Each structure stands twice: as C-alpha cells, then as structure tokens.
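Undergrad: would you be able to build a 3D model of this:
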Amino acid sequence: MRAWSLVLLLLAVPTLAATRSPKPPLTPDRVVPVTAPSPLSTQSVCTVGTSGPAVYVVDYLQPPDDSYYLRVQPSACAACNTKPGVWVSSVHVKLEFRVPCGQPVEVSVVSTLGDTACAPPDPPRAMRGPVTATLTAPSPGTYDFNVPLEGPLALLKDSYLRVTFTADGSGCTAQGTRPRLVTTSSCFDCVAWNYFPADTSDLCQLLFPGTPVIYANADSCVSSALAGVGDERALASALRVAPTPARGDVQLRFALSAPSRVRLTLCDIAGRRVRELIDGTLPAGEQVIAWDGRDDNGSHVRPGTYFAELREGGRTLTSRMVLIATDR
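TA: Here you go, the predicted structure:
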C-alpha cells in the first residue's frame, strides 16, 4: 500500500514540462501569402541577416519567452568583402499586425555555439543587449520595426540576432489577434531557430515556408586594424568546468591577474539565469568556485545543458556543462 500511495502522490504533482507544453504543429491554415509586399528599408552599406522579399505571414508567436534567432554572416556583405566585418547598431524585425497592438520584445545579438557552418545559437553569450522595446502598430498592417542596440557592435564572425517576445501585448493576447511573423519564400537549414521554454527547433524542421525577416543594416565596414578583436577562442580555456557531465557538485576554475570585480552566473540553454554564484571583488590568482547544482531558490535544477558565464572587466568567458540525473 505504501508503494502505491507514493506512486499516486508523484502522479498528482505537476511538473515543469506540464506548465509549458511544446508548441502545436505549424498547420497550413497558419500560413498566409503576402499579397502586397512592402518595400525594404534603406541601408547605408548592406544588410546582414534575412531582409526579404516578404512572401508569407505565419501565425506562430506564443509569448511569453518565445525567442527567434536569425544567423547573420558579415562575410556576406559584398561591400565589405576585403574587411574583417561590419558595424551594426540596431536590429530590424518585420511583423504583420491584425489589430492595433503594442508587442513587448527584447532584442540582442548573441554568439554561435561553435564555429561550424551549422552551429546553433549560444544564448548566454550576449554580445550586445538585451534591449527592451514595445513594437507598436497603430492600425492593422505590416511594419518593419527598427530597435536600436546599446551602441555600435563590430561583427567579425557569424552570430545571431535574437528577438524574444517576452509577453502578450495589450489588445492582442488571444490566438488570432497576436502579430504574425513575416517570412521570405525559402527556408534554409541552420539559419533560423525558435527557442521556446518547452522546445528548441530549427525553423525548417517545423516546416516553415520561409525565413523570418530579421536583419541588421551595416552602418559601415570594420577597419582592418580591428582584425582579430572579439575572437574569444583564446580566452575560452580560461574558464574551466569539471566534471562534465556531472552527477553532483561542479567546480569552476579561472585565474585573475589582478584583484577584479567578477560576476559569475549560470544560465540554462534558453539563456535564462539559473544561479548567480559571484558578484563582487576577488583577489588575484586562481579561483575555484563550487556549484551544488541548485538554483537561486535552493532547488536542484533539472538534468540538462547549462552555461557558466564569467564577466570580468571588458571580457566575457563562457563554458558549457552537462548535468545528468542523480539519486538525490
């Protein structure tokens, strides 16, 4: 009897996965052709990302924390093909509104998880942002919004533009009234991703008819004198995590050449903060910080992939770790 009682008790406890189920399938009724494509915004040098032409609108937004990542390739800017990269200072996103509405978003630029041609986003490694904004449509229609970043950013290698729909907007909370994504006519693998609390997918795997129109205008080319700046590969080994995979406690090691103010945080794969381990000044020398696998509330985190992010001075170091199930 005791064993059956325990089973019934466990079945009665709601799980986190039940709180946010995966998105429903993308069915044909959620895709509508664009009958009168609007012109693209003008740009000074070129655009990086996906900027059109607009062909479909897709009903697939489901706030809160519904994030879309669009890969940008500085090398695709023909005007800067002899330079190491491009400068950008804002992010564009095109949406179609069915009702007047103000849609809250966060916009940022993040690194790739590795240097391969098909590397997915690395959500904790934000190169700029997040910047909060409300995309306001005074009447139904298609709008190209431009969200300024915190300042100019030199893109020297592939990265991702991230637009997170953080909450429903006033007046468009229900399915059928939310804004719709505007896409091009073709979908390409490893270019656009959807990170949802219960799921992560390449948009092509979801049978998207095209690629969401999310892009950045290149303000100018990066000077050749900056070649190599922003390459974090030489720094990545300075933050070491062991063991990984781990069943219990994890040790994070790094070295400081002088006393420094340090912030060490842990994030999940969607970029949400799980635990802040340090936010203060540490002495020079090697540092060893232990993590017991608990979040800021003292609860054990679920098995999965996590990221340690160290901010010190003007540098940011990131390391990946994997937690596997324990008997605790």
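Undergrad: quick one, helices of the stretch 1-150 of the chain?
TA: Using DSSP state H, counting those that start in this stretch, the helices of the stretch 1-150 of the chain run over 2-12, 16-19.
Undergrad: bridged to Val262, which residues?
TA: Assessed by DSSP bridges, Val262 has beta-bridge partners Gly280, Glu312.
Undergrad: you'd agree it is up against Arg315?
TA: No: counting by Cβ atoms under 8 Å, Val262 sits too far from Arg315 to count as a contact (10.7 Å). In this view, the C-beta of every residue, glycine as well, is placed from N, C-alpha and C.
Undergrad: from Val131, how far out is Thr211?
TA: Relative to Val131, Thr211 is positioned 22 Å away (criterion: Cβ to Cβ, to the nearest Å).
Undergrad: could you give the average pLDDT over stretch 27-36?
TA: Taken as a whole, stretch 27-36 has an average pLDDT of 72.
Undergrad: list the buried residues in it.
TA: Neighbour counts over stretch 27-36 (16 or more other Cβ atoms under 10 Å) mark Arg30, Val31, Val34 as buried.
Undergrad: which non-adjacent residue is nearest Asp199?
TA: The shortest distance from Asp199 to any residue that is not its chain neighbour, by Cβ to Cβ, 6 or more residues apart in numbering, is 4.4 Å, and that residue is Pro22.
Undergrad: any idea which helix or strand comes after the lowest-mean-pLDDT helix or strand in the chain?
TA: Confidence across the helices and strands of the chain bottoms out at helix 233-236, with a mean of 34, counting by mean pLDDT, DSSP states H and E. Beyond helix 233-236 on the C-terminal side, the first helix or strand identified by DSSP states H and E is strand 240-242.
Undergrad: report all helices and strands that that following strand contacts.
TA: For strand 240-242, the helices and strands in contact under the criterion 3 or more Cβ pairs under 8 Å, 6 or more residues apart in numbering; DSSP states H and E are strand 250-256, strand 315-323.
Undergrad: what residues does the last one touch?
TA: Going back to what we said before, that points to strand 315-323. For strand 315-323, the external contacting residues (Cβ atoms under 8 Å, 6 or more residues apart in numbering) are 111, 113, 122, 124-125, 232, 235-236, 238-241, 244-247, 250, 252, 254, 293, 301-310.
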